[in-house]
Each structure stands twice: as structure tokens, then as C-alpha cells.
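**Q** just a sequence and a predicted model for now, questions to come.
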Amino acid sequence: MPPIQVAGVNITMQLIPKNIRVYYLTEEHLETIATLNLTNSVYLGFFGICLGLLAAFGITLTTVEIRDAVPHAMFVALTFSSAILSLLLGIIFLVGFKRSREEIHRAKRTEPASIVMPTVPPVPKPDPSTLPPARASS
């Protein structure tokens, strides 16, 4: 391809042949994958929040001496709740992630579409005798 001039700069594009697989996906496949990914991201976000809370409450319980029984019981309950929620949300995320991967593999098992990509001939190198002489810099 000949160079293209953009904002006074010559740009040369080089096309490199690649193997591309194109699959037919139904609307059901796309909706399922999109829904699973959206749901998984919500579960992953809340898992991260609960894991952070577990770390914060656990560090507080182990490093701070809480003398009163009520605040101590509250921190123990919050630590326990954070641990249970972290575990639950982590499991839900992993199950959803596995379902999402299975859906993608199910879509990939369909027959690929037969698309023939055109081959582009290589760009010939310019003949040095036809190039303009270089300008002398001052």
C-alpha cells in the first residue's frame, strides 16, 4: 500500500495475514453470555468488598484490645458475617464463571462460518532511483 499522509506525517500500513475463526452465535448465546458476565461482575465486586471487610474486622480483633463485651461481640459477629458472605459470594461467582465458560465452549462447538479472507499481495519496495533526493538539513 502506498503511504498515507495524515497531519503531514507519512503513514504506511502493513497488512499481515491471520487465521480468523468466525462462529454463528444465536441471540440466546449472546444474551446468556452477557447476563452471566454482568451477574458475575456484581458477585465478584461484592466478594471483594466482603473480603476487605473480613480483613479489616479480623485485623481489628487481633490487634486491638476491646475491653467492653458489647463492642467485642459486635466485632466478632461482623467478622463472622464477613467470612460467611465472602465464602458464599466467592462460591456463587465461581459457579457463574464456570457456567459462562461452558456457554462459550457450547457456542464454539457450533460449526464455524465459512468465510474466505482475501489475500493481499505484499507491497513492493520502492526503487531508490525513483525517490526524490534527500534535503540537506541546515
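**A** Thanks, I have the structure now.

**Q** now what about stretch 65-83, what contacts it?
**A** 50, 51, 53, 54, 57, 58, 60, 61 (C-beta atoms under 8 Å, 6 or more residues apart in numbering). C-beta here means a position set from N, CA and C on the backbone, and glycine is covered the same way.

**Q** buried only: go through these for me.
**A** 50, 51, 53, 54, 57 (16 or more other C-beta atoms under 10 Å).

**Q** I figured the fourth one hits residue 86, correct?
**A** Yes: using C-beta atoms under 8 Å, residue 54 and residue 86 qualify as a contacting pair, with a distance of 5.4 Å.

**Q** contacting residues around residue 44?
**A** The contact partners of residue 44, taken as C-beta under 8 Å, 6+ apart, are residue 93.

**Q** can you read off the pLDDT for it?
**A** Note on residue 44: pLDDT of 92.

**Q** look up how far residue 100 lies from it.
**A** Applying C-beta to C-beta, to the nearest Å, the value for residue 44 to residue 100 is 12 Å.
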